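Asker: Build me a model:
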Amino acid sequence: MANLVVQATDQLLELVEIVCDFEVALMNALQTQFPIAIVLECLFHMKQALRRVMKRYAITDEECLIAMTRGVLDTLTVIDHEQVERGIKWVKREIKKRCILAKTEYTTAKWEEFWGYFERTWLDQYTIDVWNVFGLDNELVARTNNPLERFNRELNSRFPTPHPSMATFVTVIKTIAAEYVCRIGDMPRALDRRVPRERIKLIVPVTIPTDIDSDVDEATAVALRASDSTPVST
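Answerer: Prediction:
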């Protein structure tokens, strides 16, 4: 597919930034056809995937909410690539600490399963640079996340069934393409009234201690041991 795009543009297409879904084959194909391009995945889809896996391992809603809170698990997407390994230990500490403060039971065995999945999927199957936006301009992150998700919703709303016929698929795509051509033609007139796009507010990276060697600090460890012997109300 990527090769056909290159051929259709007479080899003149030199992409600098590409966004796609988390499909290894697609990512490899795009990187092969456009070797100088930055291939970045949608952070929204990553968060959705992480949330689904938490539910698959029966992690409680309270724990999920703590982990998905801004500045906890998503910290891994904005820190230096070299700090991700230490950052994972920091995130584990933070989740445990916040569970204790919220008087929520921390389900150790289930979280061990989740972090096993995280390592297999987001460290081994995918490389850190496809989901970590450290060092990238905020405008690039905005371009690669918001419009893509919006267009995906637009496509879904246009098709009458989840699996349309080829004729229906082609008709819908041609209609959308014609509409976008009209929009491009209207752009000069729309520039004066266009509302500036809202910038994505990335979280501020935390300072990961260089000597962090455990996923739990001493105070949290003591509290967790106490919670193991005394039921914690949720």
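Asker: Pull up the distance across stretch 110-126, start to finish.
Answerer: With CA to CA, to the nearest Å as the measure, stretch 110-126 spans 23 Å from end to end.
Asker: list the buried ones in it?
Answerer: By 16 or more other CB atoms under 10 Å, the buried positions in stretch 110-126 come out as 110-111, 113-114, 117-118, 122. The C-beta positions use only the backbone N, C-alpha and C, and glycine is treated the same way.
Asker: Other residues contacting it?
Answerer: Contact partners of stretch 110-126, identified using CB atoms under 8 Å, 6 or more residues apart in numbering, comprise 22, 24, 41, 46, 50, 53-54, 57-59, 63, 84, 88, 92, 95, 128, 131.
Asker: Check those residues for burial and list the buried ones.
Answerer: Looks like those have 22, 41, 46, 50, 54, 59, 63, 84, 88, 92, 95, 128, 131 buried, using 16+ other CB under 10 Å.
Asker: residue boundaries of the strands in this protein?
Answerer: 17-20, 38-41 (DSSP state E).
Asker: centre of the chain versus the last one, how much separation?
Answerer: This points to strand 38-41. Its chain's C-alpha centre and that of strand 38-41 lie 11 Å apart, by CA atoms, centre = their mean, to the nearest Å.
Asker: Have a look at the protein and report the helix or strand with the lowest mean pLDDT.
Answerer: helix 138-143 (a mean of 58; mean pLDDT, DSSP states H and E).
Asker: Would you tell me which helix is longest in the protein?
Answerer: helix 166-190 (DSSP state H).
Asker: Can you list the buried residues in that helix?
Answerer: Buried residues in helix 166-190, counting neighbours by 16+ other CB under 10 Å, are absent.
Asker: Then stretch 87-103?
Answerer: 87-100.
Asker: chain center to it: distance?
Answerer: 21 Å.
Asker: Rounded mean pLDDT for that stretch, please.
Answerer: Averaging pLDDT along stretch 87-103 yields 95.
Asker: Repeat that for stretch 162-176.
Answerer: Averaging pLDDT along stretch 162-176 yields 89.
Asker: Show the pLDDT at the residue nearest the centre of the chain.
Answerer: By CA atoms, centre = their mean, the mean C-alpha position of the chain lies nearest to Leu43, the distance being 2.2 Å. On the pLDDT scale, Leu43 is placed at 77.
Asker: Would you check that it makes contact with Leu136?
Answerer: No. Counting by CB atoms under 8 Å, Leu43 stays clear of Leu136, with 11.0 Å between them.
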